[in-house]
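1. Sequence and predicted structure, then a few things I'm wondering about:
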Amino acid sequence: MQYKRILLKLSGEALMGSQQYGIDPQRLQDYAKEIKQIADKGVEVAIVIGGGNIFRGLSGASKGMDRVQGDHMGMLATVINGLALQGALEDEGMPTRLQSAIKLNEVAEPFIRRKAIRHLEKGRVVIFGGGTGNPYFTTDSAAVLRAIEIGADVILKGTRVDGIYSSDPEKDSGATKFDNISFNDVLRKGLKVMDTTAFTLSQENELPIIVFDMNTQGNLYKVVSGENIGTKVNL
Ligand code: UDP
């Protein structure tokens, strides 16, 4: 395996599967199986999960809701997703811990960096819920922050497209895919990988990001074993 400790970022929307909202149990099970493949190889797996399948603060605010109130709802949505993913991972026989950035002691451990690292060392999959715990941030920022804190080797951003393209491949048939690209080129070309806060945090801390298609069976294993799929963003 190319990487020893990874931070996998999954969007909330990915959990919807073919639904328009919420959580598709089949998709959860598929993801759990993919994650098990790498955990069984001794890779230490931390996961940050989004909440967009349930609620986004920004879309609440666009309809007149208070932004901070909406962001709190979004952060709680990530905990709901974290609990769902935890259940699916445990059904596959994996030991797990869910840590939340917002105190919810009855349902999740509080985020404690040293404890998270200890869990990883013991082979437990650690899910970080609650984003960063602060409004006006995204779970991409949470993913980068946690990855740096736990000393992850790489951030794996699992999406439904198979990498970073010169333009939106769902709209432009002439779009070309990058295998490798530098942080500076992503910024120079105005490409969308993560929001700016998350992206620059990753750049400043020299933490590579790999964007890949998480919905193709075996892809997570391929990425972690060093196969050149998806797009790698490096210095
Ligand atoms: N959120 C937040 N602070 C954080 C992370 C998330 O306020 O540190 C809120 C924000 O409202 C966001 C929502 O939680 O829209 C869900 O997260 P995100 O949109 O990043 O989920 P994804 O797009 O990955 O499903």
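-> Perfect, thanks for sending it. Numbers count the residues shown, from 1 in each chain.

2. Go through the longest helix seen in the chain and flag the buried ones.
-> Determined from DSSP state H, the single longest helix within the chain is helix 67-91. Across helix 67-91, burial judged by 16 or more other C-beta atoms under 10 Å covers 70-86, 88-89. (Glycine included, C-beta is placed from N, CA and C.)

3. ok, now stretch 206-222?
-> Residues 207-215, 219-221 are the ones in stretch 206-222 that count as buried (16+ other C-beta under 10 Å).

4. tell me how far the ends of stretch 117-127 are from each other?
-> End-to-end distance of stretch 117-127 (C-alpha to C-alpha, to the nearest Å): 12 Å.

5. quick one: it to chain centroid distance?
-> From the chain centre to the centre of stretch 117-127 is a distance of 16 Å (C-alpha atoms, centre = their mean, to the nearest Å).

6. got it, and stretch 86-95?
-> Relative to its chain's centre, stretch 86-95 lies at 18 Å (C-alpha atoms, centre = their mean).

7. who's in contact with that stretch?
-> Stretch 86-95 is touched from outside by 25, 28-29, 31-33, 35-36, 39, 96, 98, 122-125, 127, with contacts defined as C-beta atoms under 8 Å, 6 or more residues apart in numbering.

8. if you average pLDDT over it, what comes out?
-> Mean pLDDT, computed over stretch 86-95, is 98.

9. now the end-to-end length of it.
-> End-to-end distance of stretch 86-95 (C-alpha to C-alpha): 9 Å.

10. re the thing from before, farthest-apart pair in the buried residues of stretch 206-222, please.
-> Across those, no pair lies farther apart than Leu207 and Asn215, at 24.1 Å, counting by C-beta to C-beta.

11. What parts of the protein come near the ligand?
-> For the chain, the residues in contact with the ligand (C-beta under 6 Å from any ligand atom) are 11-13, 50-52, 56-58, 70-71, 74-75, 77-78, 131-132, 134-135, 137-139, 141-142.

12. Apply 8 Å and report the result again.
-> Residues of the chain lying close to the ligand (C-beta under 8 Å from any ligand atom) are 9-14, 49-60, 70-75, 77-78, 101, 130-142.

13. For ChimeraX, what selects the buried ones among those?
-> In ChimeraX, this line selects whichever of those come out buried by 16+ other C-beta under 10 Å:
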select :9,10,11,12,13,14,49,50,51,52,53,54,55,56,57,60,70,71,72,73,74,75,77,78,101,130,131,132,133,135,137,138,139,140,141,142
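
14. Unless I misread the structure, Gly60 falls within a helix.
-> Yes - Gly60: assigned to a helix according to DSSP: H, G, I helix; E, B strand; the rest coil.

15. Touching, Lys222 and Ile229? I think so.
-> Yes - the pair formed by Lys222 and Ile229 meets the contact definition of C-beta atoms under 8 Å, at 5.4 Å.

16. Show me the helices in the chain, by range?
-> 25-39, 57-62, 67-91, 113-121, 139-150, 183-188, 196-204, 219-224.

17. per-stretch mean pLDDT over those, give me the minimum one.
-> helix 57-62 (a mean of 94).
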